[in-house]
Structure formats: structure tokens, C-alpha cells
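**Q** how would this look folded up:
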Amino acid sequence: MRGFYGKLLRVNLSGQDYRVEDIPAEILERFLGGKGLGSYLLFKNVRPETDPLSPDNCLIFTTGPACDTPLLGASRYGVYSKSP
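**A** Numbers count the residues shown, from 1 in each chain. Take a look at the predicted model:
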């Protein structure tokens with residue numbers, strides 16, 4: 001999984017801090033690609049009752065597994081969040 005590097009950068013704008021977390025290999029294999037991983041992270045980190053405009057909502061940026069390869073159109077990314 002060359003494009004993932006197995007890391008998650010969690011940035012808290014309210015607290016002005018950040019932390020780096022490892023993403024388990026089985027999650028990366030199960031939710032292959034930017035869309036799958038972005039949807040999984042959104043499902044795991046945002047509760048259904050969260051107001052889309054609240055600080056509890058997440059803004060998730062993901063890349064696909066083919067990023068940084070010579071494939072045409074492979075340098076794509078996705079942005080995921082709970083929409084109002």
C-alpha cells in the first residue's frame with residue numbers, strides 16, 4: 001500500500017494540537033482506496049446525531065492506493081465530511 005503509508009494525522013483546530021496514529025493494515029486492506037477509507041473514517045469518527053456545522057464534525061482527506069505511481073489519473077484524493 002505505497003500511497004497510504006499507514007498513518008493518520010488527527011488535527012484538532014479547537015485545541016490547536018495534533019497527533020499521528022497508525023492505521024492497522026487490515027483496515028487499509030479491507031477499505032481499499034480513498035473512497036472506502038474516507039467512508040470508514042467518517043463512519044467511525046462522526047456520530048449520526050452530530051450537527052454538520054459543529055466542531056464535532058470531521059473533515060477527512062484521503063488518497064487512493066495508486067497515488068505516487070506512474071498510472072494516469074492516479075494522483076487523486078477525496079474529501080469527506082458530514083454534509084448539512
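
**Q** avg pLDDT for the longest helix anywhere in the chain?
**A** Looking across the chain with DSSP state H, the single longest helix is helix 33-45. Averaging pLDDT along helix 33-45 gives 90.

**Q** strand partners of whichever helix or strand comes after that helix, parallel vs antiparallel please.
**A** Using DSSP states H and E, the helix or strand that follows helix 33-45 towards the C-terminus is strand 60-63. Each strand paired with strand 60-63, and its direction, by DSSP bridges: strand 77-80 (antiparallel).

**Q** Identify the residues contacting the strand it pairs with?
**A** Contact with strand 77-80 is made by 34-35, 38-39, 41-42, 58-64, 67, as judged by C-beta atoms under 8 Å, 6 or more residues apart in numbering. The C-beta positions use only the backbone N, C-alpha and C, and glycine is treated the same way.

**Q** which intervals of this protein have sub-threshold pLDDT?
**A** For the chain, the stretches flagged by pLDDT under 70 are 1-4.

**Q** Let's see that with 50 instead.
**A** Across the chain, residues meeting the criterion (pLDDT under 50) sit at 1, 3.

**Q** which one is residue 32 nearest to, not counting chain neighbours?
**A** Spatial nearest neighbour of residue 32, excluding adjacent residues (C-beta to C-beta, 6 or more residues apart in numbering): residue 65 at 6.0 Å.

**Q** Three-state assignment for that neighbour, please.
**A** coil (DSSP: H, G, I helix; E, B strand; the rest coil).
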